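Q: Sequence plus predicted model, see below.
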Amino acid sequence: MIGYVSLGTNNLPAAAAFYDQLFAEIGAKRMWEFERGIGWGAAENAPQLSILKPYDGNAASVGNGVMVAFSVDAKEKVERVYNKALVLGAKDEGAVGFRGDNFYAGYFRDLDGDKLCVYCEI
């Protein structure tokens, strides 16, 4: 159902480097790019995440209550992506662990402050 999610950035080169390295952990790659933004995905017609400099020219800001979650297929990938994000400068928003019986997740904020989650269901 979701085609893509876009997040704003105030530093496109830094955000691009962050997401290039982060998404390499789960096999996603750049699907498109132009002077204002870049989009990543796992396949051509699969959901994508993009980062963009805001069209109106104003500073990008974080949405209160907005979060993007990335589904992976193993606990080890949750840990690997979460730890990679922190190494790349992300801020912890909830350490890796179980939330409930079978939901295993880690939460962090990217370089622009957007809240992200990586999770798997076991």
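A: Noted; the coordinates are in hand. Numbers count the residues shown, from 1 in each chain.
Q: Which pLDDT value belongs to the residue located most distally from the centre of the chain?
A: What lies farthest from the middle of the chain is Asp101; by C-alpha atoms, centre = their mean that is 24.3 Å. Among the per-residue scores, Asp101 holds a pLDDT of 93.
Q: Each with direction, which strands does the longest strand along the chain pair with?
A: Of all segments of type strand in the chain, defined using DSSP state E, the longest is strand 91-99. Strand partners for strand 91-99, identified by DSSP bridges, are recorded as strand 103-109 (antiparallel).
Q: Name the residues of the strand it pairs with that come out as buried.
A: For strand 103-109, burial by neighbour count (16 or more other C-beta atoms under 10 Å) applies to 104-109. C-beta here means a position set from N, CA and C on the backbone, and glycine is covered the same way.
Q: possible to save the residues you listed as a markdown table with distance to Gln48 and pLDDT?
A: Formatted as a markdown table, these follow (distance: C-beta to C-beta, whole Å; pLDDT from 0 to 100):
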| residue | distance to Gln48 | pLDDT |
| --- | --- | --- |
| Tyr104 | 24 | 98 |
| Ala105 | 21 | 98 |
| Gly106 | 21 | 98 |
| Tyr107 | 21 | 98 |
| Phe108 | 20 | 98 |
| Arg109 | 20 | 97 |
